[in-house]
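In: For reference, the sequence and a predicted model appear below.
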Amino acid sequence: MNFDKLNAAQKEAALSIDGPLIIFAGAGTGKTRALTYRIANLIEKGIHPSAILGVTFTNKAANEMKSRVIELAGEYGQSVWISTFHSFCAAFLRIEAKNIALTPDFLIYDYADQINLIKDCIRELDIDEKKFKPAYFADKISRAKDALQEPESFEERSRRGDFNAAILAKIYRLYQSKLKLADALDFGDLIMQTVQALLAFPSILEKYQNKFEHILVDEYQDTNHAQYMLTKLLAAKHKRICVVGDDDQSIYSWRGADISNILDFEKDYPGAKRIKLEQNYRSTPKILNAAANVIKNNNSRITKRLWTQNDENGTVETLKANDEIDEALKVAMHILHAAQNNGNSFLDFAVFYRTNAQSRVFEDTFRRFGIPYTIVGALRFYDRAEIKTIMAYLKLIYNPNDNISFKRIINSPRRGIGKTSLQNLETLSIKKNLSMWDAIPFAKEAGITKSSVIALESFAQFIKSIIDIKDKADVLTICKRVISESGYLRELEVENTIESKERIENIKELITAIGDFLKRSPDKTLAGYLTQIALVNDVDEVQTDGGKATLMTLHLAKGLEFDNVFICGLEEGLFPIRDSSFNSKELEEERRLAYVGMTRARKNLYLCWATQRTLFGKRQYNSQSRFISEAGFKDEFAVRFFEDSLRQTKQFNNGSPKHFLKPNFYKKKTSIDYLPSDDEIIKDTVYEIVDNSPYKIGAFVKHSIFGKGKIIEKSGSGDELKLVVLFETGQWKKLLAKVAKLEML
DNA sequence: ACCGTCGCCATTTTT
DNA sequence: TGGCGACGGT
C-alpha cells in the first residue's frame, strides 16, 4: 500500500486499525481519503472485504466512498458493505424479517406519507386540528424513535404532568398500528426496529457482531441515539470501530442528532485513539481565518485549528444591500461580472440561505438576467404531485394495504368516488380492522351508492390485473401500464393546460428515471425500485461544477464545495434565526451552520445582508448578523462594495450588450439601471480578533445593583463590548462592559 | 362532486 | 406573502 498521497495524520488514521479510533476531521481536510485508504489498507492486511461495514448519512457519501475504495482496492472493494444508516437497516430488516416477525416486503413511508397518516390519526381521535398540527406529531414521534422511545414513554411523561404527552401517546400508538396495518415503516422505524431486533435476538446480534470485524462511521456528530446504539451494538465484540466527525459541523440536533455521541466517544471506548485532521486542502487562508473567527465563539467544542498551504488569493467580502431584491441583484451582478471576465462563460457559484423562502427572489433575479442556475431541495422531483400519484399506484400494487396510497389515487383520475363514499369505506374498514382495499368487497354494506361501488370494483379489478404480474414483470413495464391504463395520463391530456403539459413531461422524466434504474440495478422488480427510491434525495445528485449557480439552504450545503460562495440573509433574526438568540445551544448550532457555509468556499466568500427585508408580507428592519462581525468585519471599517465591480458595472451599463444575456434582459430598461451606491461597503481583509478582556462566557461577575451573575453571551469588542448577564435573581440584562463596572468573581 | 373564494395562519432546517 | 382548509355556490 502506497500512502504517499496522505499527510501524516491521514496516514495514521489509515494505519491505526487495532482498536477504537476517533478522527476529528475539520472541513476540507480529506477525511474521505483517509477513510478509503483505511479500508484499502484493511483489505490488504487480509481482512475480508465483507467483514467491513461503512456507514454514512447520504447516498452521495456512500457512493463516493464505495467508488473510491474500488479505485484503491480493486474488485475486492465491491464486497465492502458501504451504505447509509437507513439503507443498511432496511436491508437488515428484509434479510432478517422472517426471524424477527416482520413482513420482508414492507413499504418505506416518507415524510409526506407520515404526515398523511398522522392526519388520519388526528381525525380518528377527534383531536382539535387547529391546536395540533400533523407536523408537530410527526416531529415528536420521529424524535421519540430517534431516542428509541415507545409510546409508553409519553404515557410516563403524562403521568408526571406533561399535558401534551397523553395525546402524543395516543397518536403515536394509533400511528404505529396504522403503519403495521399498511405493512409500512417510516424512517425512524428502520433504525429503531433494527436496534430492537438486535437487542431482542442475541443470536442475530452475535451473527452480525461476528460478521463485521471493522466498522466505520462517517459524520458521527450527526448520529442520533438510535444510530449510536446501532453502531455500539455491532461493534461491541471486536471494538474495532472508527468514527469520523467534526463537532463544529453538527447542524442536525433539531432532528435528533446528539452531539454528545462524538464528544463522549472516548468515554464509551476507553483507550480509543484520537486523531485530528487539521490540514485543509480546500480553502484559502483568508476563508479559513474568517471561519475560525466565527466558530471560536462557541464554547462546547473540541478545539482544532485548521491550517492550509493553499495560496493566499481570492477574497472574503461583505455585501450590504437595501433589501432582499437588492441583495439578489448584487449577487447577480457579481456573477455576471465574473462571467464577463471569464470570456462570458459562467463560473461555479453557490448561493446559500437560511430558509427556503429566500430562494424565490434569487430565482426571479437569475432568470431575469439569464444566469443559469439549479435549485436544490425546494420541490424535489419525487415530491411533485403527479409523480407522487404514479408512485402511489406503484406502492398500492406492491402493497394493497397501503391506505395512504389508496386514498391518493382512488379518485385520481376521477372515478366518481367522492368524499362521502370514501369516508364510509374508511369508517367500515376501521370497524372491521381491515385496510381500505380489503374493505372494498363490503362496500355495499357501508351504504355506498351503487355507482360508486361499481367504480370501486372496476378500480380493484385494474389494480389486481397488475398485481398479477408484479413479480414477473420489471418495474418499467408495470409503471408504463399504470400510466396508460389507469386513465391518469388521459386525464392530463384532456386537461391540456400549460400545467398539465408540465406534469406529463415530469411523468416522462419518471419513465426515464426508471429506465436508468433498470440499467444500473441488479434488482429490477417493483420491490427493488420502491426500496431504493424511498431512501434517495436531491443532494445525492447535486453537481457542483458546470458553470451554474447553485441555490440551496445552508443545511444542504454540508459536504459540498464551490469556488465562490455567497451566504445571504446574514441578519439578526434570520441568520441566526429569531428564536435562537437567547438560547445558547441553538445559537451555537446557528454558528456551526455559518461555519459550515463558510468552509464550503474554495476561493471567494461573500457575506451578504440586507438592511430591510420583506418576510411573510411584513417589512422588517434587521441589523447585520453577529456572524459578520465575528468573522472579522466591522461596520466602521467598511469600504465600498465591489470597488472593482463598481467600475465594471458602469462600463457594463454604458457598454454594448453581451451575448450571454437573454434578449428580454435588454428590453427591461429598468433592470440595468442598477449602480452600487457609496454605502455599499466592503472590507476585504479579515483581521484576527484578539480578545484580551477578562469577560469570558461562563465567567461569574458581580454587579453593584443586580448582584451576582454569570456571563451568558457577549458581542462586540473594546468599548463596544456588550455582555448578556444572567443574574442570581433569574433576570438577565444586556450590559455595555465599559459602563457596567462588573467585578470578576 | 367539483370548483372558486375567503380568510386565517405561520413563517427553519428534513437523512 | 402564500399555502391551506373551510365553506358555499353551481
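Out: Perfect, I can see it now. Because the structure is predicted, anything quoted here is derived from the model rather than measured.

In: For the stretch 551-700 of chain A, which segments count as strands?
Out: A:562-567, A:601-610, A:612-615, A:618-621, A:639-640, A:681-682, A:700-703 (DSSP state E, counting those that start in this stretch).

In: got the contact list for the nearest residue to residue A:236 once chain neighbours are set aside?
Out: Nearest in space to residue A:236, with sequence neighbours left out and distances taken as Cβ to Cβ, 6 or more residues apart in numbering, is residue A:209 at 6.2 Å. Any C-beta I mention is one placed from the backbone N, CA and C, and that applies to glycine too. Residues counted as contacts of residue A:209 (Cβ atoms under 8 Å, 6 or more residues apart in numbering) are A:233, A:234, A:235, A:236, A:237, A:238.

In: rewinding a little: now the strands of the stretch 551-700 of chain A in CSV, please, with extra columns for mean pLDDT.
Out: Shown next, in CSV, are those (pLDDT from 0 to 100):
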stretch, mean pLDDT
strand A:562-567, 94
strand A:601-610, 94
strand A:612-615, 85
strand A:618-621, 82
strand A:639-640, 36
strand A:681-682, 36
strand A:700-703, 83
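
In: what's the closest of those strands to residue A:139?
Out: Minimum separation from residue A:139 across those (Cβ to Cβ) falls at strand A:612-615, 22.7 Å.

In: can you dump the C-alpha coordinates of the closest one into CSV?
Out: Written as CSV, here are the backbone C-alpha positions of strand A:612-615 (Å, rounded to 0.1, in the frame of the first residue of the first chain):
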residue,chain,number,x,y,z
GLN,A,612,-34.6,45.7,5.3
ARG,A,613,-36.4,42.6,4.2
THR,A,614,-40.0,41.6,3.5
LEU,A,615,-40.7,38.5,5.4
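
In: strands paired with it, and their directions?
Out: Note on strand A:612-615: by DSSP bridges, its sheet partners are strand A:618-621 (antiparallel).

In: Show me how far the strand it pairs with is from its chain's centre.
Out: Centre-to-centre, strand A:618-621 and its host chain are 28 Å apart (Cα atoms, centre = their mean, to the nearest Å).

In: Distance of the closest residue to DNA strand C within the stretch 451-600 of chain A relative to residue A:79?
Out: In the stretch 451-600 of chain A, the residue that lies nearest DNA strand C is residue A:499 (13.0 Å; Cβ to the nearest atom of the strand). Plainly put, residue A:499 is 48 Å away from residue A:79 if you go by Cβ to Cβ, to the nearest Å.

In: Number of residues surrounding the single nearest residue of the stretch 251-400 of chain A relative to DNA strand B?
Out: At 3.2 Å from DNA strand B, residue A:356 is the closest residue in the stretch 251-400 of chain A, using Cβ to the nearest atom of the strand. By other Cβ atoms under 10 Å, the residues close to residue A:356 number 15.

In: nearest residue to residue A:276 other than its sequence neighbours?
Out: residue A:24 (4.6 Å).

In: and the host helix or strand of the one you found, what does it pack onto?
Out: According to DSSP states H and E, residue A:24 maps onto strand A:21-25. The contact analysis (3 or more Cβ pairs under 8 Å, 6 or more residues apart in numbering; DSSP states H and E) places strand A:21-25 against helix A:31-44, strand A:241-245, strand A:273-277.

In: Return the most buried member of the ones you listed.
Out: strand A:241-245 (a mean of 26; mean count of other Cβ atoms under 10 Å).

In: Centre of the chain to that strand, how far?
Out: On Cα atoms, centre = their mean, the centre of strand A:241-245 falls 20 Å from the chain's centre.

In: And for the helix or strand following that strand, what's in contact with it?
Out: On the C-terminal side of strand A:241-245, the nearest following helix or strand under DSSP H and E is helix A:260-263. With Cβ under 8 Å, 6+ apart as the test, helix A:260-263 has contacts from A:22, A:220, A:221, A:223, A:225, A:228, A:243, A:245, A:247, A:250, A:300, A:302.

In: Among those, show me the least confident.
Out: Of all those, residue A:300 has the smallest pLDDT value, namely 75.

In: okay, now the single nearest residue of chain A relative to DNA strand B: neighbour count?
Out: Closest approach between chain A and DNA strand B, counting by Cβ to the nearest atom of the strand: residue A:418, at 1.9 Å. By the criterion of other Cβ under 10 Å, residue A:418 has 14 neighbours.

In: ok, now which ones touch it?
Out: A:411, A:452.

In: how near is it to DNA strand C?
Out: According to Cβ to the nearest atom of the strand, to the nearest Å, residue A:418 stands 11 Å off from DNA strand C.

In: pLDDT score for that residue?
Out: 77.

In: Angles on the backbone of it, please.
Out: Main-chain dihedrals, residue A:418, degrees, to the nearest 10: phi -90, psi -170.

In: Break down the stretch 151-300 of chain A into its strands, ranges please.
Out: A:184-186, A:214-217, A:241-245, A:273-277, A:279-280.

In: Now render these as a markdown table, adding distance to DNA strand C.
Out: Compiled in a markdown table, the strands of the stretch 151-300 of chain A are given as follows (distance: least, Cβ to the nearest atom of the strand, whole Å):
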| stretch | distance to DNA strand C |
| --- | --- |
| strand A:184-186 | 19 |
| strand A:214-217 | 36 |
| strand A:241-245 | 35 |
| strand A:273-277 | 42 |
| strand A:279-280 | 39 |
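
In: what would these look like in JSON lines with distance to residue A:375?
Out: As requested, the strands of the stretch 151-300 of chain A are exported to JSON lines (distance: least, Cβ to Cβ, whole Å):
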{"stretch": "strand A:184-186", "distance to residue A:375": "27"}
{"stretch": "strand A:214-217", "distance to residue A:375": "31"}
{"stretch": "strand A:241-245", "distance to residue A:375": "29"}
{"stretch": "strand A:273-277", "distance to residue A:375": "32"}
{"stretch": "strand A:279-280", "distance to residue A:375": "28"}
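
In: out of those, nearest to residue A:427?
Out: Nearest of the strands of the stretch 151-300 of chain A (Cβ to Cβ): strand A:184-186, 21.2 Å.

In: Do the closest one and DNA strand B come into contact?
Out: No. Looking at strand A:184-186 against DNA strand B by Cβ under 7 Å from any atom of the strand, there are no contacts, and the closest approach is 8.7 Å.

In: for that strand, the distance to its chain's centre please.
Out: Distance, centroid of strand A:184-186 to centroid of chain: 20 Å (Cα atoms, centre = their mean).

In: Identify the residues contacting that strand?
Out: A:90, A:93, A:106-110, A:113-114, A:142, A:145, A:179, A:193, A:399, A:402.

In: so what's residue A:353 up against?
Out: Going by Cβ under 8 Å, 6+ apart, residue A:353 touches A:359, A:362, A:551, A:553, A:554, A:567, A:568, A:569, A:575.

In: Return the helix or strand in chain A with minimum mean pLDDT.
Out: helix A:664-667 (a mean of 29; mean pLDDT, DSSP states H and E).

In: got any ranges where chain A has weak pLDDT?
Out: Applying pLDDT under 70 to chain A flags residues A:378-381, A:536-546, A:581-582, A:634-693, A:697-698, A:712-720, A:724, A:728-734.

In: how about the residues of it near DNA strand C?
Out: Counting by Cβ under 7 Å from any atom of the strand, chain A sits next to DNA strand C at A:129, A:360, A:614, A:616, A:617.

In: what about 6 Å?
Out: A:129, A:614, A:616, A:617 (Cβ under 6 Å from any atom of the strand).

In: Wait, the residue of the stretch 251-400 of chain A closest to DNA strand B touches residue A:553, no?
Out: Yes. At 6.1 Å, residue A:356 counts as touching residue A:553 under the criterion of Cβ atoms under 8 Å.

In: quick one: common contacting residues for these two?
Out: residue A:377.

In: secondary structure class for the residue in the stretch 301-450 of chain A positioned nearest to DNA strand C?
Out: With Cβ to the nearest atom of the strand as the measure, residue A:360 is the residue of the stretch 301-450 of chain A nearest to DNA strand C, at 6.9 Å. Following DSSP: H, G, I helix; E, B strand; the rest coil, residue A:360 is assigned to helix.

In: what's around residue A:397, how many residues?
Out: 25.
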